[in-house]
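Student: what's the 3D shape of this:
(one chain, ligands or ions: 1)
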Amino acid sequence: MPRLSISAADEQLAFEATVKEIEEWWQTPRQSHIKRPYSAQRVASLRPSLPTKYASSEQALKLWKQLNEHLKNGTHEMTFGTTEPTIVSQMAKHLQTVYVSGALCGFSEVAEPGMDHADYPWDTVPKVVDKIFRSQQWHDQKQHHFRMLHPVEQRDGLENWDYMAPIIADGDMGFGGSTSTIKMTKLFVDSGVAMFHLDDLASGKKRFTIGQGRTVVPFSEYIDRLTAARLQIDIMGAETMLLCRCDVDHSEFITDIIDPRDHEYVQGATVPIASLVDTLREAAEAGDGLPLLQVRAQWMKDSGLSTFDEAVKAVATEQEYTSYVEKLGKGTVPLKTRRAIAAELVSKPIFFDWDLARSRDGQYFYKSNVKAIVERAIAAAPLGDVTWARMDLPKWDDLVSFHTQVREVYPDRLFAFGYTGDYDFPKAGFSTEAIKTFGEDLAKLGVVWQVQPIWCLQGLNLLTEQFSKLWRERGLEGYLETVQKPALATVPLTDGFEKASYCGSYLADAFFDTLAARDFGEGSSGKTISAKRQR
Ligand SMILES: C[C@](O)(C(=O)O)[C@H](CC(=O)O)C(=O)O
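Tutor: Residues are numbered from 1 along each chain as shown. Got it, this is the predicted structure:
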């Protein structure tokens with residue numbers, strides 16, 4: 001007799017019940033702002049038969065509550081990036097959340113280190129999140145056990161940190177195709193993450209030193225990435241939050257012009273000229289030693305590189321251009337329609353060819369601006385819970401303009417912001433006072449979660465190099481003066497192996513005591529100990 005898991009009739013009943021449960025779930029306060037382009041039936045059909053509860057959901061609900069509390073109060077969370085559980089155990093004392101940076105993972109958590117190309121395996125960051133989450137659980141267990149060793153009247157005097165800080169992680173570009181994004185999402189939810197972000201950068205196109213920094217993918221591909229992640233989270237029935245990051249600001253290229261929503265920002269040659277690639281190839285073959293970056297810069301000038309609208313403005317009369325802009329209207333206008341409107345309203349011919357400007361990798365020049373970021377953020381918002389316009393060279397007016405425009409459409413939107421390690425705020429015009437209140441000023445724009453992603457590189461390297469020098473030059477005397485003495489003087493005591501309540505000694509012994517309970521009854525771990533023993 002073949003083993004049938006369930007009859008077709010019962011299977012259908014179960015399916016219909018699942019559809020109803022999903023539809024009701026999607027109406028809960030946590031879920032109701034999310035708009036899916038797929039049905040509950042589709043999600044139900046993609047679910048495995050064994051329902052599973054995820055710690056990720058608990059952590060996501062905790063984060064959702066935290067961030068909405070900040071939004072209500074006009075306050076914000078400050079955190080930083082790390083890959084290291086011990087660092088996380090100390091963050092718990094002052095910060096509400098933890099960030100797992102992809103750049104840091106690619107630097108130190110992989111077989112072959114590298115720059116922040118997201119060229120490491122797609123399960124790298126989820127595995128680091130898993131490592132950190134398990135460490136958080138252990139610290140939480142250890143602290144709970146230690147507190148229970150004491151009579152309740154003594155516990156107010158004991159440490160009681162919330163080690164279960166929600167983890168936000170870097171999902172980069174989703175690691176290629178939709179199935180990679182879906183698999184990574186599954187691992188993120190399994191790992192206990194509270195939220196992860198996906199951006200609209202093109203994989204493998206980042207450049208760091210030659211001024212050709214970032215390439216974005218078409219609007220449609222970005223939305224597909226976010227949809228794939230949301231679908232997988234729905235299949236798992238998890239509350240996991242999704243952070244929609246947009247890297248359009250200061251991006252110089254786009255991989256394709258397939259989506260007309262990007263056409264406004266794609267640049268092309270406005271005079272007949274040899275293509276950029278042919279020009280660079282000829283310069284290289286000529287071998288006259290001119291750096292190709294200079295050849296490229298000269299080509300950009302000679303070609304009159306600009307967007308189509310800029311090309312129209314350059315040849316149209318003021319009246320013609322006003323009529324052109326009016327006829328464009330507010331919605332998406334593909335290039336072919338722009339050309340037709342210009343041909344109708346502008347007397348002079350307009351030369352515009354975006355293919356001549358393509359790079360050897362096939363990218364198109366892209367001229368980002370706040371409007372482009374706003375359009376992507378608004379389109380992405382219904383799929384995610386938080387929005388982050390990555391602006392690593394922030395101009396205050398751009399920040400105000402972006403957040404204000406998105407909040408006109410989504411007044412209760414939660415926003416994120418990332419600090420970089422080398423931005424010269426004073427040079428960019430930020431006063432000392434503006435720098436002091438920058439975080440609070442961003443919070444007033446709804447930026448409730450703010451992260452310094454790579455402190456653990458710049459900050460820890462600074463501290464580590466300083467200690468290395470001191471240890472080499474002053475040895476034990478320097479160590480006692482600068483580490484042991486201040487650490488032993490702190491209240492509560494600085495965490496370390498010198499502190500049994502932190503390093504897990506009591507917890508370890510408790511397992512053995514418990515095993516011996518059969519013979520000796522509950523041992524020292526079963527009885528209370530006086531607070532004076534705690535170290
Ligand atoms: C946040 C980030 O994605 C990261 O990997 O930490 C990086 C950090 C950085 O390059 O400063 C990013 O913002 O792209």
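
Student: so which helix or strand takes in the most centrally placed residue in the chain?
Tutor: The centroid of the chain falls nearest to residue 197 when counting by Cα atoms, centre = their mean (3.6 Å). Using DSSP states H and E, residue 197 sits in strand 195-198.

Student: other SSEs contacting that strand?
Tutor: When contacts are defined as 3 or more Cβ pairs under 8 Å, 6 or more residues apart in numbering; DSSP states H and E, strand 195-198 packs onto strand 167-170, helix 178-191, helix 219-235, strand 241-246. No exception for glycine: its C-beta is placed from N, CA and C like everyone else's.

Student: Just put these in CSV and tack on mean neighbour count and distance to residue 137.
Tutor: Rendered in CSV, the data for those read as follows (neighbours: other Cβ atoms under 10 Å; distance: least, Cβ to Cβ, whole Å):
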stretch, mean neighbour count, distance to residue 137
strand 167-170, 27, 12
helix 178-191, 21, 12
helix 219-235, 22, 22
strand 241-246, 26, 20
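
Student: so which of those gets nearest residue 315?
Tutor: For residue 315, the closest of the helices and strands packed on strand 195-198 is helix 219-235, at 28.1 Å, according to Cβ to Cβ.

Student: what angle do that closest one and helix 178-191 make?
Tutor: Counting by axes from the mean of the first three to the mean of the last three Cα atoms, to 10 degrees, helix 219-235 lies at 40 degrees to helix 178-191.

Student: returning to that earlier point: didn't the residue nearest to the centre of the chain look like it was pressed against residue 174?
Tutor: No: counting by Cβ atoms under 8 Å, residue 197 does not reach residue 174; the two are 10.2 Å apart.

Student: Give the buried residues for stretch 48-55.
Tutor: Across stretch 48-55, burial judged by 16 or more other Cβ atoms under 10 Å covers 54-55.

Student: Mind listing residues that contact it?
Tutor: 5-6, 133, 189-190, 192, 236-238, 240 (Cβ atoms under 8 Å, 6 or more residues apart in numbering).

Student: pLDDT score for the residue nearest to residue 114 when sequence neighbours are not counted?
Tutor: Computed as Cβ to Cβ, 6 or more residues apart in numbering, the closest residue to residue 114 that is not its neighbour in sequence is residue 106, at 5.4 Å. In the predicted model, residue 106 carries a pLDDT score of 92.

Student: Residue 106 - how many residues pack around it?
Tutor: Using other Cβ atoms under 10 Å, residue 106 has 23 other residues around it.

Student: for the one 3 residues further on, same thing?
Tutor: Around residue 109 sit 18 other residues, with neighbours defined as other Cβ under 10 Å.

Student: That one reaches residue 124, doesn't it?
Tutor: Yes: applying Cβ under 8 Å, one finds residue 109 in contact with residue 124, separated by 5.9 Å.

Student: Kindly report the residues of the stretch 51-200 of the chain close to the ligand.
Tutor: 81, 101-103, 116, 170 (Cβ under 6 Å from any ligand atom).

Student: Can you confirm whether the helix or strand that the strand holding residue 197 is followed by lies near the ligand?
Tutor: Sequence-wise, the next helix or strand downstream of strand 195-198 (DSSP H and E) is strand 215-216. No: Strand 215-216 does not reach the ligand (Cβ under 6 Å from any ligand atom); its nearest approach is 12.7 Å.

Student: any residues touching strand 215-216, and which ones?
Tutor: 200-202, 205-206, 222, 247-248, 251-255, 363, 366, 368.

Student: give me the number of residues near the closest residue to the ligand within the stretch 201-350 of the chain?
Tutor: At 7.2 Å from the ligand, residue 247 is the closest residue in the stretch 201-350 of the chain, using Cβ to the nearest ligand atom. Residues lying near residue 247 (other Cβ under 10 Å) number 26.

Student: hang on, it packs against residue 206?
Tutor: No: in this structure, residue 247 is not within contact of residue 206 by Cβ under 8 Å, at 9.7 Å.

Student: Quick one: residues in contact with stretch 445-455.
Tutor: Contacts of stretch 445-455 (Cβ under 8 Å, 6+ apart): 67, 70-71, 75-82, 97, 99, 101, 103-104, 168, 170, 386, 399-400, 403-404, 407, 413-421, 439, 442-443.

Student: Can you pick out the ones from the residues you listed that are in strands?
Tutor: With DSSP state E as the criterion, strands contain 77-80, 99, 168, 170, 386, 414-418 from among these.

Student: okay, and for this structure, where does confidence drop off?
Tutor: 1-4, 210-212, 523-535 (pLDDT under 70).

Student: For ChimeraX, write the select line for the buried members of the contacts of stretch 445-455.
Tutor: Buried residues within the contacts of stretch 445-455, by 16+ other Cβ under 10 Å, are selected in ChimeraX with:
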select :67,70,71,76,77,79,80,81,82,97,99,101,103,104,168,170,386,399,403,413,414,415,416,417,418,419,439,442,443
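
Student: Helices along the stretch 301-450 of the chain, start to end?
Tutor: 308-315, 318-328, 335-345, 370-380, 396-409, 432-436, 438-443 (DSSP state H, counting those that start in this stretch).

Student: Can you tell me which of those helices is most buried?
Tutor: Neighbour counts (mean count of other Cβ atoms under 10 Å) averaged over each of the helices of the stretch 301-450 of the chain peak at helix 370-380, with a mean of 21.

Student: Export only the CA atoms of stretch 64-79, formatted as PDB.
Tutor: What follows is stretch 64-79 as a C-alpha-only set of coordinates in PDB (Å, rounded to 0.1, in the frame of the first residue of the first chain):
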ATOM      1  CA  TRP A  64       9.600  46.900  14.200                       C
ATOM      2  CA  LYS A  65       8.500  48.000  17.600                       C
ATOM      3  CA  GLN A  66      11.800  49.700  18.400                       C
ATOM      4  CA  LEU A  67      11.900  51.700  15.100                       C
ATOM      5  CA  ASN A  68       8.300  52.800  15.200                       C
ATOM      6  CA  GLU A  69       8.800  53.900  18.800                       C
ATOM      7  CA  HIS A  70      11.800  56.000  17.600                       C
ATOM      8  CA  LEU A  71       9.600  57.400  14.700                       C
ATOM      9  CA  LYS A  72       6.900  58.400  17.200                       C
ATOM     10  CA  ASN A  73       9.400  60.100  19.500                       C
ATOM     11  CA  GLY A  74      11.600  61.600  16.800                       C
ATOM     12  CA  THR A  75      14.600  59.700  18.200                       C
ATOM     13  CA  HIS A  76      16.900  57.200  16.500                       C
ATOM     14  CA  GLU A  77      19.100  54.100  17.000                       C
ATOM     15  CA  MET A  78      22.800  54.400  16.400                       C
ATOM     16  CA  THR A  79      24.700  51.300  15.800                       C
END
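
Student: name the helices or strands packed onto the helix or strand residue 88 falls within?
Tutor: According to DSSP H and E, residue 88 maps onto helix 85-91. Applying 3+ Cβ pairs under 8 Å, 6+ apart, one finds that helix 85-91 contacts helix 124-148.

Student: So for the helix it packs on, what gets flagged as buried?
Tutor: Buried, per 16+ other Cβ under 10 Å, within helix 124-148: 124-133, 135-136, 139, 142-143, 145-146.

Student: circling back: how near is the residue of the stretch 201-350 of the chain closest to the ligand to residue 179?
Tutor: Going from residue 247 to residue 179 by Cβ to Cβ, to the nearest Å gives 22 Å.

Student: now swap in residue 406 and tell me
Tutor: For residue 406, the distance to residue 179 - Cβ to Cβ - is 30 Å.

Student: Now for residue 235: which residues touch it?
Tutor: 43, 46-47.

Student: For the ligand, what is the nearest residue in the stretch 151-300 of the chain?
Tutor: For the stretch 151-300 of the chain, Cβ to the nearest ligand atom, closest residue to the ligand: residue 170, 4.8 Å.

Student: and the residue nearest to that residue when sequence neighbours are not counted, how many neighbours?
Tutor: Leaving aside its chain neighbours, residue 170 sits nearest to residue 102 (3.5 Å; criterion: Cβ to Cβ, 6+ apart). Residue 102 has 26 neighbouring residues, counting by other Cβ under 10 Å.
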